[in-house]
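Novice: Compute the structure for the input listed below.
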Amino acid sequence: MSSSATISFIGAGNMATAIIGGMLANGFTASSIWVSAPDDSHLQTIRQRFGVSVTTDNRHCAQQGDIVVLAVKPQVMRDVCDSIAPVVQNTRPLVVSIAAGLETATLDGWLAGGLPLVRVMPNTPSLVGKGAAGLYANEAVTAAQKASVESVFSSIGSALWVEEENLLHAVTALSGSGPAYFFLMLEALEEAATNAGIESTTARKLAIQTMAGAAEMAARSEFDPAQLKRNVMSPGGTTEQAINSFEKGGLRDLVKGAYGAAFKRSEEMARELASPDDGH
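Specialist: Residues are numbered from 1 along each chain as shown. Down below sits the predicted model:
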């Protein structure tokens, strides 16, 4: 993002504050960031923490931004868009939505049309700078604007583009919901180790460090996960027995089924949010 560009956040929840913190840690300046939210006391906490500009007026916040990030819940997004539409139609910023399920055509319609718009599917590890975000841009977004958005979300982890918007359902089922899959594995490993006699705190720490170490190895290695798995396995050894048990128990089918369920629900939510029964 150019040094003179301003980014405005409509909404000041956990994800917005994580993005702001990541930006400031990666060379962005507080003077280039505006934030709006209904709760002034919360905004003052953010102002004191980050040194950014704050306001309870969404329209005023939107007016400041070369990039406007919509960081409110999907259920209130239409009202927010209705309120700022006259402003953004005048200023023509790049609009970025981090709301799950709301498609670009729906958002663009609520904003009165014709705007460059990027949808981002971030995930909760963004809160600790280890996020994995999927991004999609509509046809009005320029290459320079894509680079600006990528620089913002790269400040809190990985930012990867998809070419078709419907692929964001696949991203949601993978990295959006994915942290919970791994938390379930941690929970199950801790329980199994505790049942074997390891103290629960020790079991949890060992499981977490094992998962973190495996992820770091996968990120750094030239090998694919299948080869990394084989590298841990010795013929007739403990790992081979465990992996064989997973395979016989149908772990791959369970993962496919869980992924498919998340994918299907993401599609359903998009349809529901596009036609909310909210009196509009």
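
Novice: show me what contacts the most centrally placed residue in the chain?
Specialist: Centroid-nearest residue in the chain, with C-alpha atoms, centre = their mean: P122, separated by 0.8 Å. If you count contacts by C-beta atoms under 8 Å, 6 or more residues apart in numbering, P122 has them with 15, 19, 98, 131-133, 153, 156, 176. Yep, even glycine has a C-beta here, placed from its N, CA and C like the rest.

Novice: ok, now A270?
Specialist: 101-103, 169.

Novice: What of A16?
Specialist: Here A16 is in contact with 9, 35, 69, 71, 98 (criterion: C-beta under 8 Å, 6+ apart).

Novice: so where does V72 fall, helix or strand?
Specialist: Using DSSP states H and E, V72 falls within no helix or strand.

Novice: Identify the residue nearest it in space, chain neighbours excluded?
Specialist: G11 (4.0 Å; C-beta to C-beta, 6 or more residues apart in numbering).

Novice: Surely the one you found and P74 touch.
Specialist: No: the criterion here is C-beta atoms under 8 Å, and G11 misses it with P74 at 11.3 Å.

Novice: Phi, psi for the residue lying closest to G178 once chain neighbours are set aside please.
Specialist: Nearest residue to G178 in three dimensions, chain neighbours excluded: N123, at 6.9 Å (C-beta to C-beta, 6+ apart). Main-chain dihedrals, N123, degrees, to the nearest 10: phi -140, psi 170.

Novice: Going along the chain, name the strands of the stretch 151-280 of the chain.
Specialist: 157-161 (DSSP state E, counting those that start in this stretch).

Novice: Could I get the full set of helices for it?
Specialist: Remark: helices assigned in the stretch 151-280 of the chain by DSSP state H, counting those that start in this stretch are 167-171, 178-195, 200-220, 225-232, 238-248, 251-274.

Novice: The last one versus helix 238-248: what angle between them?
Specialist: If I follow you right, that is helix 251-274. Orientation of helix 251-274 against helix 238-248 (axes from the mean of the first three to the mean of the last three C-alpha atoms, to 10 degrees) gives an angle of 50 degrees.

Novice: What are the buried residues along helix 251-274?
Specialist: Across helix 251-274, burial judged by 16 or more other C-beta atoms under 10 Å covers 259, 262-263, 266, 269-270, 273.

Novice: Also the third one?
Specialist: For helix 200-220, the neighbour count (16+ other C-beta under 10 Å) marks 203-204, 207 as buried.

Novice: isn't S97 right up against L117?
Specialist: Yes: if you go by C-beta under 8 Å, S97 and L117 touch, sitting 7.1 Å apart.

Novice: Give me the more crowded residue out of these two.
Specialist: A direct count of neighbours by other C-beta atoms under 10 Å for S97 and L117 places S97 higher, at 27 against 24.
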